[in-house]
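K.L.:
Got a predicted structure plus its sequence, pasted below:
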Amino acid sequence: MTTTDWIIDIALVLIVFRQLREERISKATFIVPIAMITFAAKNYLHGIPTAGNDLVLIAVFTGVGVVFGLFGGLLTRVRTLNGHAHIKATAGAAALWVISMGFRLGFAVWSSHPSGAAHLTKFSAAHDITSGQAWVTALILMAFSEVIVRLSTIGARAWTLSSHTTHEPVREPAGDLDWLIQEARIPSKASR
């Protein structure tokens, strides 16, 4: 693995930590992960092998990416605050992201060592996977599908939530007690 490979893989693993703190959805929410995965695809995706069971491998890995992306998007908290959509990755969403991106990084490290390469070669021969490019394509499309499905799920949830929310100005409570009363919907002494 080159230094660039390490940087891309580690950045993809760490990108979810930015969302552990609630943030307002912006263009960067979508552009940064898509740009990173597009850069990776441009550098590593050199065609889609179709011989043997290459397409089956690619379809399985892409499907796994879709599942991880869907659950990652559903486990991300989406809410409106002052008329704007905000997101926050929950522990479950972060764990799914780290597991999937970490798997790809671990696989790349393992397959680049002689013992891992030997096991991968045996597995590929036994299952009619015809080239190393099939593995690269499967892993890249797994990451790409996860990113796209996760962002699409978050975007759809945010759009649905904001389209059902009234756009009246939010009145900020005067103090902590007023906020607590308003949130709990407990009538204050003045209104009794």
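P.N.:
Happy to help now that I have it.
K.L.:
now stretch 73-93: mean pLDDT?
P.N.:
The pLDDT scores in stretch 73-93 average 88.
K.L.:
May I see the buried residues of that stretch?
P.N.:
Neighbour counts using 16 or more other Cβ atoms under 10 Å place Gly73, Leu74, Leu75, Thr76, Val78, Thr80, Ala85, His86, Ile87, Ala89, Ala93 of stretch 73-93 among the buried residues. (Each C-beta comes from the backbone N, C-alpha and C, glycine too.)
K.L.:
Quote the end-to-end distance of that stretch.
P.N.:
7 Å (Cα to Cα, to the nearest Å).
K.L.:
How far does that stretch sit from its chain's centre?
P.N.:
Put simply, stretch 73-93 sits 13 Å off its chain's centre (Cα atoms, centre = their mean, to the nearest Å).
K.L.:
Please flag which of the buried residues of stretch 73-93 sit within strands.
P.N.:
Among the buried residues of stretch 73-93, the residues falling in strands (DSSP state E) are Thr76, Val78, Thr80, Ala85, His86, Ile87, Ala89.
K.L.:
So, low pLDDT: which residues of the chain?
P.N.:
Flagging of the chain using pLDDT under 70 yields the residue ranges 1-2, 5, 16, 164-192.
K.L.:
and with 80 instead?
P.N.:
Residues of the chain meeting the criterion pLDDT under 80: 1-20, 162-192.
K.L.:
what about the helices in it?
P.N.:
Counting by DSSP state H, residue ranges of the helices within the chain are 3-14, 27-44, 54-75, 91-112, 114-126, 132-163, 176-184.
K.L.:
centre of the chain versus the first one, how much separation?
P.N.:
Translated: helix 3-14. 15 Å.
K.L.:
Isn't Glu127 up against Asn53?
P.N.:
You called it Glu, but residue 127 is His. Yes: contact status for His127 versus Asn53: in contact at 5.7 Å, counting by Cβ atoms under 8 Å.
K.L.:
Neighbour count for these two, which is higher?
P.N.:
Asn53 (15 against 11; other Cβ atoms under 10 Å).
K.L.:
Which residue, neighbours along the chain excluded, lies closest to that one?
P.N.:
Excluding its sequence neighbours, the residue lying closest to Asn53 (Cβ to Cβ, 6 or more residues apart in numbering) is Asp128, at 4.5 Å.
K.L.:
burial of the one you found, as a residue count?
P.N.:
Using other Cβ under 10 Å: Asp128 sits among 12 other residues.
K.L.:
still on that earlier bit, and the ones in strands among the buried residues of stretch 73-93 as CSV, adding distance to Glu146?
P.N.:
Below are these laid out as CSV (distance: Cβ to Cβ, whole Å):
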residue, distance to Glu146
Thr76, 13
Val78, 18
Thr80, 26
Ala85, 21
His86, 22
Ile87, 16
Ala89, 14
